[in-house]
Structure formats: structure tokens, C-alpha cells
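Engineer: with the sequence up front, the predicted model follows.
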Amino acid sequence: MDYFVNDAADAVVMSGVCWAEGKITTEKIYRMKHLIISVAMCALAVAAQAQEFERTAHGLRTTVPDKGVDIEVEWYTPRTVRVLKSPHGMQVAKTSLSVIAKPETVEFKTKYADGVAEMSSDALTVRIDGRSGVVSFSDAKGGELLSETENDRAFTPFNDAGRDTYAVYQGFDTDDGEGLYGLGQLQNGEMMQRNMTKYLVQGNVEDVTPLFQSTKGYGIFWDNYSGTLYIDNDEETSFRSDVGDCMDYYFMYGGSADGVIG
């Protein structure tokens, strides 16, 4: 048996919706409540997703609570992005001493799914996993280029002559058959920089640069000026700098060695 609200002057108000009809069944009210709750839950889910990643002038910014790290990815060109990571809540305003380029206005599309943000230009796709903090890169056709390894030791605090700072680390997952070249003018008799450990510091007979380029057509420039340990082994390819307030590197995709350098 249905129950009715019989007084036409009475208003039934639910979540901002008002009825002043002569008769409203409890079944209709229940259905309306269910609809309102469903819509509200969807809105909350969208809001939570929107809060996880913040759109900036040139890319996206997010925080990874489990890692205690803030991440910002900026487009410099449709083929080049800057990845900046810092301890959560630390204000970093780093001006590069070696990169003079400024971010261009790059058209890119953004989509979100399961805590992952994906930004795509006409040449490059960058993914930011908001749960693990891993940033990865692929070409316009979806071919995987490079991925960070999940990092639980990005920032190791220490006191540097009275100043609190960090040692900074990041590993990358490179392919076994991938050729890596660069690191400057080394006196090791090798062109390919695989299966090696090298402490990068300027010397009398070596001119080092924390940059490598891959036969897959991309390059990584690690923008840190302190002594930096480069390691390439079966587990990872990584940089670990002695001193840094933040992690700062550039991913450049040219499709070839000339494209990376250009």
C-alpha cells in the first residue's frame, strides 16, 4: 500500500530539490533519493580525480603521499619535457645553470584513469602514476621508450657544512639490447656506456656531462652539478647526485641521435 503526502502546501525538500505536488509516493521518493546519491558519488569521484592532478601553465603537478614527493612535469617542446621532483611541501624555485630554453606553449591532450595521468602531444606521451610516482614515456604510436623505476630513496637527507639538503637518486628501466651513449669525454676506451659504474666529476683529462642518449631515439639530461654516480647494470640505469634540493631532468625524444642533439 502506498503512502501519500496529501497537503499540496507541504514541500518535500531533498538535496536542494523541492516538490510541492499534491501526491508523491514513497516509491518515487526512494527512487529520487537513489538517483541523487548516485549523482553525488559520481561528482565526488570526479572531484577527487581532479584534485589528484593540478593543471599548470605547461603541464601537470601532483603529490604522491606514500612517497612524500611532489612531482611537476612541464612541456618545453612537443618532444621535450622537464621532470621536477622535490620533497613534499618544499618550495623549489630552481633556475638551471645549463638549460637556457624556456617552456613553449605546447598543445597536449590529457586523460586520467585509475590514478594515472596521461599527457600527449603529437610526438610524445608522458604518464604520471599518482600512486607510485613513476613517470614513463612512449612515442605517438604507443611504443614504450623509457620508464622510471619505482623510487623509495629519491631524497636522502644530510647536513652539508651546516646546510640541510639531500642526496638525490633516480633509476630508469632500460632495455637489455638498448645502446646508451654519452656522459661526456671519458677516458675509459668505450663508446657505449652500458654495464658500468662511473662517478661523474670534472677532472684534468675528463669532461663529464650527466647526459645519455639511446638507440631508441631519446635522451636524458640529469640537471645536477654536484658529483654524480652513474650506474648501469642488470637492475637499472641510474643517477645519484651527492647534493640537491630537488630532482631535475629533461627527457628529449628526437627519434634518432641527430634528433636528440638537435
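Structural biologist: Here it is on my side, so go on.

Engineer: poorly predicted segments of the stretch 51-200 of the chain, please.
Structural biologist: By pLDDT under 70, the weakly predicted segments of the stretch 51-200 of the chain are 51.

Engineer: give the contact list for the closest residue in space to Arg153 that isn't next to it in sequence.
Structural biologist: Nearest residue to Arg153, sequence neighbours excluded (Cβ to Cβ, 6 or more residues apart in numbering): Tyr169, at 5.6 Å. C-betas here are computed from N, CA, C, even on glycine. Contacts for Tyr169 (Cβ atoms under 8 Å, 6 or more residues apart in numbering) come out as Asn151, Arg153, Ala154, Phe155, Thr156, Ser238, Phe239, Arg240, Ser241, Met247.

Engineer: the longest strand seen in the chain: partners in the sheet, and parallel or antiparallel?
Structural biologist: Secondary structure of the chain per DSSP state E: the longest strand is strand 163-173. Sheet pairing of strand 163-173 (DSSP bridges) gives strand 144-148 (antiparallel), strand 155-160 (antiparallel), strand 237-241 (antiparallel).

Engineer: export it as PDB, just CAs?
Structural biologist: C-alpha atoms of strand 163-173 as PDB (Å, rounded to 0.1, in the frame of the first residue of the first chain):
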ATOM      1  CA  ARG A 163      73.000  23.300   5.500                       C
ATOM      2  CA  ASP A 164      70.300  20.700   5.400                       C
ATOM      3  CA  THR A 165      69.900  19.200   1.900                       C
ATOM      4  CA  TYR A 166      69.600  15.800   0.200                       C
ATOM      5  CA  ALA A 167      71.400  13.300  -1.900                       C
ATOM      6  CA  VAL A 168      69.200  12.700  -4.900                       C
ATOM      7  CA  TYR A 169      68.600   9.500  -6.800                       C
ATOM      8  CA  GLN A 170      66.500   8.100  -9.700                       C
ATOM      9  CA  GLY A 171      66.700   4.800 -11.600                       C
ATOM     10  CA  PHE A 172      65.400   4.100 -15.100                       C
ATOM     11  CA  ASP A 173      64.300   0.800 -16.700                       C
END
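
Engineer: flag every buried residue along the helix or strand just after it.
Structural biologist: On the C-terminal side of strand 163-173, the closest following helix or strand by DSSP states H and E is strand 180-185. For strand 180-185, a neighbour-count test (16 or more other Cβ atoms under 10 Å) marks Leu180, Tyr181, Gly182, Leu183 as buried.

Engineer: ok, now stretch 254-261?
Structural biologist: Neighbour count says stretch 254-261 has Gly254, Ala257, Gly259, Val260 buried, by 16+ other Cβ under 10 Å.

Engineer: mind putting these into a markdown table with secondary structure, distance to Asp164 and pLDDT?
Structural biologist: Below are these laid out as a markdown table (DSSP: H, G, I helix; E, B strand; the rest coil; distance: Cβ to Cβ, whole Å; pLDDT from 0 to 100):
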| residue | secondary structure | distance to Asp164 | pLDDT |
| --- | --- | --- | --- |
| Gly254 | coil | 39 | 92 |
| Ala257 | helix | 40 | 82 |
| Gly259 | helix | 41 | 82 |
| Val260 | helix | 36 | 88 |
